[in-house]
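1. Here's a sequence, model it:
(one chain, ligands or ions: 1)
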Amino acid sequence: MQKIGILGGGQLGKMLCLAAAPLDLQICVLDKDDSMPAANLCHTFVAGDFNNYDDVYNFGQLADILTIEIEHVNTAALLKLQKEGKNIHPAPEKLAIIQDKGLQKQHLRHHQLPTSDFGLFDCAEDIKNAIREKKIQYPFVQKLRTGGYDGKGVEVIRSAADVEKLMDGPSVVEDMVEIAMEIAVIACRNESGEIACFPAVEMEFHPTANLVEFLACPARISGIIEAEAESLATSVIESFDLCGLLAVELFLTKDNELLINEVAPRPHNSGHHTIDSCYTSQFQQHLRGILNLPLGSTKMKSPSVMINLLGESGYSGEVKYDGIADALSIEGVNIHLYGKQTTKPFRKMGHITVVGESIEKAKENAENAKNVLRVIS
Ligand code: ADP
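-> Model prediction:
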């Protein structure tokens with residue numbers, strides 16, 4: 001059996017390891033130290049920095065196929081490994097485009113895929129000049145081209161009073177969209193060109209942390225919008241010619257139009273529920289995609305709601321979970337703790353997926369579970 005190397009040993013890496021076990025796949029993981037969630041679930045753990053050329057290049061020698069669980073990795077080393085014959089998914093030259101929000105937007109525009117209108121700027125001063133010259137109108141959204149995650153590196157500039165919030169650095173400035181709903185569709189492709197999409201999920205955000213709080217599947221959208229979202233996700237994965245997963249985050253606008261917000265070529269937070277609610281989990285699907293195996297059915301076994309378990313505010317340090325037994329006594333509750341040793345406010349420490357006969361029932365039970373299960377120190 002081929003050896004798979006994963007750059008990154010966080011929770012997504014851990015869940016990839018769990019999905020690899022039934023297929024008896026050999027997994028190696030690279031991450032900073034062996035306290036990482038995936039460290040004791042893989043066959044070989046290598047301590048190193050996935051942003052460092054030498055660490056990635058040396059790690060690549062251990063595996064036949066390389067993949068990622070985080071997109072901010074050293075693509076120069078991956079390109080070299082690819083030239084030397086390693087099979088790498090997502091392809092490093094495509095990953096380099098996706099890593100840079102500016103290049104990603106240009107790719108979408110070039111392929112005539114719908115996304116909000118945008119411009120690229122080198123620094124805050126250039127944006128201020130463009131405002132003065134009336135080349136940019138309020139409100140708009142500024143995003144750092146690299147280094148942002150989970151809403152960090154994103155600023156909404158509503159009026160002149162917000163201009164002081166502008167971040168300095170190469171960034172994308174895009175039109176502010178009037179969002180009716182945020183949804184995500186996870187597509188998967190294999191080398192034979194087979195493509196499958198998971199049903200769209202609906203995201204509800206935490207009002208201050210800017211992290212997804214609830215995620216419901218199926219999304220409460222019409223069949224027409226669902227089909228359009230899946231068709232867009234298919235076009236996007238084809239445009240990048242990727243193997244493995246591509247999570248496509250979409251805005252449904254108040255005018256009932258779908259716009260692509262951003263994409264991630266790896267397992268995604270919005271696909272956690274698939275472990276408990278779909279015929280095939282996103283993690284097994286990713287492995288099938290990168291190994292050119294037949295893709296699994298993406299049908300749902302039941303409606304589901306997912307909640308991130310975030311570190312409670314006011315608690316930092318060695319993590320403790322309070323109320324696990326109470327949460328487990330609620331019907332349909334599946335707890336997934338990532339095994340991170342320390343908590344801090346809003347850190348993603350785990351998630352709960354609740355399956356039920358309906359979204360409403362699952363959401364009610366998810367709310368009950370969230371109220372009893374606390375991440376403290
Ligand atoms: P990240 O990569 O950090 O998740 P996103 O690009 O997804 O950043 O932006 C985070 C959130 O900011 C989105 O989920 C959405 O709520 C809001 N947002 C981003 N872009 C826009 C936009 N053009 N118009 C309105 N809201 C936006």
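2. Report the separation between the residue nearest to residue 292 when sequence neighbours are not counted and the ligand.
-> Excluding its sequence neighbours, the residue lying closest to residue 292 (C-beta to C-beta, 6 or more residues apart in numbering) is residue 191, at 4.1 Å. C-beta here means a position set from N, CA and C on the backbone, and glycine is covered the same way. Using C-beta to the nearest ligand atom, to the nearest Å, we find residue 191 at a distance of 28 Å from the ligand.
3. any idea how far residue 191 is from residue 71?
-> 21 Å (C-beta to C-beta, to the nearest Å).
4. and the two? which has more neighbours close in?
-> residue 71 (19 against 14; other C-beta atoms under 10 Å).
5. ok, residue 94 - contacts?
-> Residue 94 is in contact with 240-242, 265, counting by C-beta atoms under 8 Å, 6 or more residues apart in numbering.
6. Sort out which of those are in helices and list them.
-> Among those, the ones falling in helices (DSSP state H) are residue 240.
7. Quick one: buried ones out of the contacts of residue 94?
-> Among those, the ones that count as buried by 16 or more other C-beta atoms under 10 Å are 240, 242, 265.
8. all helices of the stretch 1-150 of the chain, in order?
-> With DSSP state H, counting those that start in this stretch, the ranges of helices along the stretch 1-150 of the chain come out as 11-20, 53-60, 75-83, 92-99, 101-110, 124-132.
9. Looking at these, spot the one closest to residue 226.
-> Proximity of the helices of the stretch 1-150 of the chain to residue 226 was assessed by C-beta to C-beta; the nearest stretch is helix 101-110, lying at 20.8 Å.
10. And that closest one, what's buried?
-> Quick answer for helix 101-110 (16+ other C-beta under 10 Å): 101-108.
11. For the contacts of residue 94, work out which two are farthest apart.
-> Among the contacts of residue 94, 241 and 265 lie farthest apart (C-beta to C-beta), at 11.1 Å.
12. residues in contact with the residue of the stretch 51-200 of the chain found nearest the ligand?
-> Residue of the stretch 51-200 of the chain nearest the ligand, by C-beta to the nearest ligand atom: residue 177 (3.7 Å). Contact analysis of residue 177 by C-beta under 8 Å, 6+ apart lists 116, 251, 253, 259.
13. SS state for residue 350?
-> strand (DSSP: H, G, I helix; E, B strand; the rest coil).
14. And residue 251, by the same measure?
-> The three-state label given to residue 251 by three-state DSSP is strand.
15. Wait, it touches residue 179, no?
-> Yes: assessed by C-beta atoms under 8 Å, residue 251 is found in contact with residue 179 at 4.9 Å.
16. neighbour-wise, which of those two wins?
-> A side-by-side neighbour count of residue 251 and residue 179, using other C-beta under 10 Å, places residue 251 first with 20 against 13.
17. What about residue 260, how many residues nearby?
-> Using other C-beta under 10 Å: residue 260 sits among 21 other residues.
18. Oh, that last question was meant for residue 310, not what I typed.
-> The criterion is other C-beta under 10 Å. On that basis, residue 310 has 21 neighbouring residues.
19. quick one, phi/psi of it?
-> phi -100, psi 150 (degrees, to the nearest 10).
20. Show me the beta-bridge partners of it.
-> On the basis of DSSP bridges, residue 310 is bridged to residue 348.
21. any idea which element residue 375 lies in?
-> Assessed by DSSP states H and E, residue 375 sits inside strand 374-376.
22. List the neighbouring strands of that strand plus their orientation.
-> strand 320-322 (antiparallel).
23. For the partner strand, which residues meet the burial criterion?
-> Residues residue 321 are the ones in strand 320-322 that count as buried (16+ other C-beta under 10 Å).
24. Now do that strand: everything it contacts.
-> Applying C-beta under 8 Å, 6+ apart, the external contacts of strand 320-322 come out as 337, 373-377.
25. try 6 Å
-> The contact list for strand 320-322, computed with C-beta atoms under 6 Å, 6 or more residues apart in numbering, reads 374, 376.
26. from the middle of its chain, how far away would that strand be?
-> Distance, stretch centre to chain centre, for strand 320-322: 26 Å (C-alpha atoms, centre = their mean, to the nearest Å).
27. check contacts around residue 319.
-> Counted by C-beta under 6 Å, 6+ apart, residue 319 has contacts residue 343.
28. What is the neighbour count of residue 158?
-> There are 12 residues near residue 158, going by other C-beta under 10 Å.
29. Same question for residue 23.
-> When neighbours are counted by other C-beta under 10 Å, residue 23 registers 12.
30. For the stretch 251-377 of the chain, which residues are neighbours of the ligand?
-> Residues of the stretch 251-377 of the chain lying close to the ligand (C-beta under 6 Å from any ligand atom) are 261-262.
31. mind redoing it with 5 Å?
-> residue 262 (C-beta under 5 Å from any ligand atom).
32. Report the closest residue of the stretch 251-377 of the chain relative to the ligand.
-> residue 262 (4.9 Å).
33. what are the bridge partners for the nearest residue to that residue once chain neighbours are set aside, then?
-> Leaving aside its sequence neighbours, residue 262 sits nearest to residue 249 (C-beta to C-beta, 6+ apart; 5.3 Å). Using DSSP bridges, the bridge partners assigned to residue 249 are residue 184, residue 262.
34. surely residue 249 meets residue 185?
-> No: applying C-beta atoms under 6 Å as the test, residue 249 and residue 185 come out as separate, 8.6 Å apart.
35. The spatially closest residue to residue 65 that is not a sequence neighbour and residue 253, how far apart?
-> Excluding the flanking residues, the one nearest residue 65 by C-beta to C-beta, 6+ apart is residue 87, at 4.5 Å. Look at residue 87 and residue 253: by C-beta to C-beta, they are 39 Å apart.
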